[in-house]
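# Need a 3D model of the following:
(one chain, ligands or ions: 2)
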Amino acid sequence: MHETLTKDEMVIFEGSALSDGITIAPLYFLNQHSYDIPSFSIEVNQIQGEIERYRKALNSSRHDLKKIQAHLVDEGSKEGGEIIDAHIQMLDDPMITVDVEERIQKMMRNTETVFRTSMKEYEEHFSAIDDHEIKQRLLDVKDLSQRILKHLHPEPSEEIKVDKQPSILCDFEIKPSLVAEMGADEECGFIATMGGYSSHTALIARSRGIPLVAGVDLLSIRRLDVKCAVVDGFEGKVIINPTEEVLKSYREKKKLLKQEEAIVEELKYKSETADQHSVEVFANIETSADIKRLLGSDVKKIGLVRSEFLVGEEQISSCDEEAQVEIYREFFYQAQDYEVDFRLFDLGAEKECKGRSSHELNPALGCRAIRFLLKHNDILKTQLRALFRSSLKKKLRLLLPLVTDVLEIREIREVITEVHKELEVEDLDYNDQYTLGAMIETPSSIFMIEHIAKEVSFLSVGTNDLIQFVFAKDRSCPHLTRGCDEYHPAIFKMIQEIVKRADKCGIPTSICGDMASKRLLIPVLIGLGIRNLSTTPRNIPIVNKIISDTNYSEAIRVTKEILTQESSLQVKRLLGLK
Ligand code: PEP
Ligand code: MG
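Residues are numbered from 1 along each chain as shown. Ligands and ions are numbered 1, 2, ... in the order given. Below you'll find the model as predicted:
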């Protein structure tokens, strides 16, 4: 597609928006230099020296990682700290310690060569296995081994030294510790070919507010003569060699974002439009650091807890009830004043679960979300038991992911009754007060709202999944069908239908997908009759500001016009985006 372009022409690459923000900067390709590390034989009397050198490199790596970890924890990124802690623990893994030392003795070659050989074998062995957990671990191991190599051989050209600030770092996969290491005041962005929303890298980028776009064809970008680029982490776009006009508009956007951030942190907004129509803003929570960000804000409710991130894959797949009780107790303690819509584990598709995910041809359409929970009864029951045991002072509002049929809701209710009985028999303290909510993320659930509303007390619209199902378009391959996105009139018609049906049933409904934080779309959602928006804590001040700048009557007028458009492109033009 880009072959015919002249090398410095503007080109837009679409990818997945994994972390918000905008960076305008030159590109820096990591891994572009090959390591030129010497490889040579050693004598018997050099073995001990090589082993000592290796141990020193491990110690220096530990020292680096501890520094990064402390800095992340200081910043409030507990999860980032935990990910780095896993790297620190890997330094004690026999694969890294004794295995390498023994090989130095056997192979009689310099440490770098032995270490690289070991790591290469490890990678080759595990990269053949199609398992999300192993892939994540592999990336963590690669990340760590580069750090160790850097200490063994301090001057390689690959060392990441970005002298021009700001910069956009590009790689096939971005390592989590690289995102963790960027200084808080350094302006940077990331582009990757691989990577999903639930990867460690994305989690750290979001918790640090660094833009990250994945799913981008870096090979094509490398063929271009890139003078400057823009990473748009809101829209999931990479713009190569932006024209003066595009650059100007992004610079203005960035300036505005900065100004707004400074202003909105000072100001308190009422949750209403300029002409006094109430629109509530709730928080989407993924990590405990997110809750801390809420403290002191005007937010009264947590509209979505992505519990699969809060708990983590290890404790989910091992059905570790006590570990979950501890996590939820801490969570409910921190969230004591908020009403919480707590989503049960949304697993499957890109959020694979160790040892449970079967190989599927179409994972996005496969055993996922509520289907996954009903199939893996032990995982569901463990979560429910832990939740009922840890929320004694709160009415539990359990949100069910990707509901497609009322029978699924009834089945969950049966499991809950079973769990309550078990806890009763075991004489454990538990909470028997709960209500259910359903995520509306598929066309089938929209058309069955009247029936679903008889089973649950609230609805939450997951537009991220809804968009992929409306367009039959995998959300991890955004470039598949250009223009089939959240600006498309088909999506607004769907939301209009949801509001019409939900209002008729009198069931409260919120939007918790990414659309709820898109500045140009917020007035449209309000115009469509949406009254509750749930977004990440970082976005709440801005979303509040946009609501208070919106005129309800004007929003209705624009929305009516939008509903008559034929394409996303037309809507974008109407909203002044293109
Ligand atoms: C959604 O699909 O819009 C949603 C909020 O859920 P998730 O992004 O976690 O799938
Ligand atoms: Mg979803």
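
# From E561, how far out is the closest residue to E360 other than its chain neighbours?
Spatial nearest neighbour of E360, chain neighbours left out: G366 (3.9 Å); criterion: Cβ to Cβ, 6 or more residues apart in numbering. Where you see a C-beta, it was placed from the backbone N, CA and C, and this is true even at glycine. Taking Cβ to Cβ, to the nearest Å as the measure, G366 falls 39 Å from E561.

# in terms of contact, does the residue nearest to E360 touch E350 like I think?
No. Between G366 and E350 there is no contact under Cβ atoms under 8 Å: 11.4 Å.

# number of nearby residues for E181?
Neighbour count of E181, defined by other Cβ atoms under 10 Å: 19.

# my guess is M439 is in a helix, correct?
No. Applying DSSP: H, G, I helix; E, B strand; the rest coil, one finds M439 to be strand, outside a helix.

# Now do the contacts for it.
343, 369, 399-403, 445, 459-462, 465, 512 (Cβ atoms under 8 Å, 6 or more residues apart in numbering).

# okay, now the domains of the chain?
11-30+160-259, 44-158, 267-574 (automatic domain parsing).

# Please report the number of neighbouring residues for H63.
Neighbours of H63 (other Cβ under 10 Å): 10.

# give me the element it is part of.
helix 47-75 (DSSP states H and E).

# same thing with V558?
Assessed by DSSP H and E, V558 sits inside helix 552-562.

# Next secondary structure element downstream of that helix?
Immediately after helix 552-562, counting by DSSP H and E, sits helix 568-574.

# May I see the buried residues of whichever strand or helix holds G81?
Taking DSSP H and E as the criterion, G81 maps to helix 78-90. Burial within helix 78-90, assessed by neighbour count using 16 or more other Cβ atoms under 10 Å, is assigned to 79-84, 86-88, 90.

# pLDDT (mean, whole number) over it?
For helix 78-90, the mean pLDDT works out to 83.

# Now do that helix against helix 47-75, angle only.
Interaxial angle of helix 78-90 relative to helix 47-75 (axes from the mean of the first three to the mean of the last three Cα atoms, to 10 degrees): 170 degrees.

# residues touching the one residue in the stretch 101-250 of the chain that gets nearest to ligand 2, list them.
Nearest residue of the stretch 101-250 of the chain to ligand 2, counting by Cβ to the ion: Y197, 10.0 Å away. Shown in contact with Y197 (Cβ under 8 Å, 6+ apart): 16, 18, 350.

# picking up where we left off before, out of G366 and E561, which sits in the more crowded spot?
For the pair G366 and E561, the greater number of neighbours falls to G366 (15 against 12), based on other Cβ under 10 Å.

# Next one: the more buried one from A283, what distance?
G366 is 30 Å from A283, by Cβ to Cβ.

# just Q565 next, same as before
For Q565, the distance to A283 - Cβ to Cβ - is 32 Å.

# between the two, which one's more packed in?
Each of Q565 and A283 has its neighbours counted (other Cβ under 10 Å); A283 has more, 27 against 17.

# follow-up on the earlier one: and the pLDDT at the residue nearest to E360?
89.

# Quick check: residues of the stretch 201-350 of the chain near ligand 1?
Contact residues, the stretch 201-350 of the chain versus ligand 1 (Cβ under 6 Å from any ligand atom): 306, 346.

# hang on, F492 is in a helix, isn't it?
Yes. Using three-state DSSP, the assignment for F492 is a helix.

# I figured it hits I562, correct?
Yes. Counting by Cβ under 8 Å, F492 touches I562, with 5.9 Å between them.

# what is in contact with the two at once?
Common neighbours of F492 and I562 (Cβ under 8 Å, 6+ apart) are 524, 571.

# For this structure, which residues are neighbours of ligand 2?
Counting by Cβ under 5 Å from the ion, the residues of the chain close to ligand 2 are 462, 465.

# For the chain, which residues are neighbours of ligand 1?
So the chain meets ligand 1 at 306, 346, 441, 462-465, 512-513 (Cβ under 6 Å from any ligand atom).

# Show me just the buried residues among those residues.
Applying 16+ other Cβ under 10 Å to the residues of the chain next to ligand 1 flags 306, 346, 441, 462-463, 465, 512-513 as buried.

# so how far is K270 from the spatially most central residue of the chain?
For the chain, the residue nearest the mean C-alpha position is Y197 (3.5 Å; Cα atoms, centre = their mean). As for Y197, its distance to K270 is 32 Å (criterion: Cβ to Cβ).

# ditto for D290
Taken as Cβ to Cβ, the span from D290 to K270 is 23 Å.

# now L257
Counting by Cβ to Cβ, the separation of L257 from K270 is 22 Å.

# Going along the chain, name the helices of the stretch 301-450 of the chain.
307-311, 313-317, 321-334, 369-375, 377-390, 406-425, 443-447, 449-455 (DSSP state H, counting those that start in this stretch).

# Out of those, which is closest to E252?
helix 307-311 (33.5 Å; Cβ to Cβ).

# what are the C-alpha coordinates of the closest one, in PDB please?
Taking Å, rounded to 0.1, in the frame of the first residue of the first chain, the C-alpha atoms of helix 307-311 are listed here in PDB:
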ATOM      1  CA  SER A 307     -10.800  -7.700  37.700                       C
ATOM      2  CA  GLU A 308      -8.600  -9.800  35.500                       C
ATOM      3  CA  PHE A 309      -5.900  -7.100  35.800                       C
ATOM      4  CA  LEU A 310      -6.500  -6.400  39.400                       C
ATOM      5  CA  VAL A 311      -5.900 -10.100  40.300                       C
END
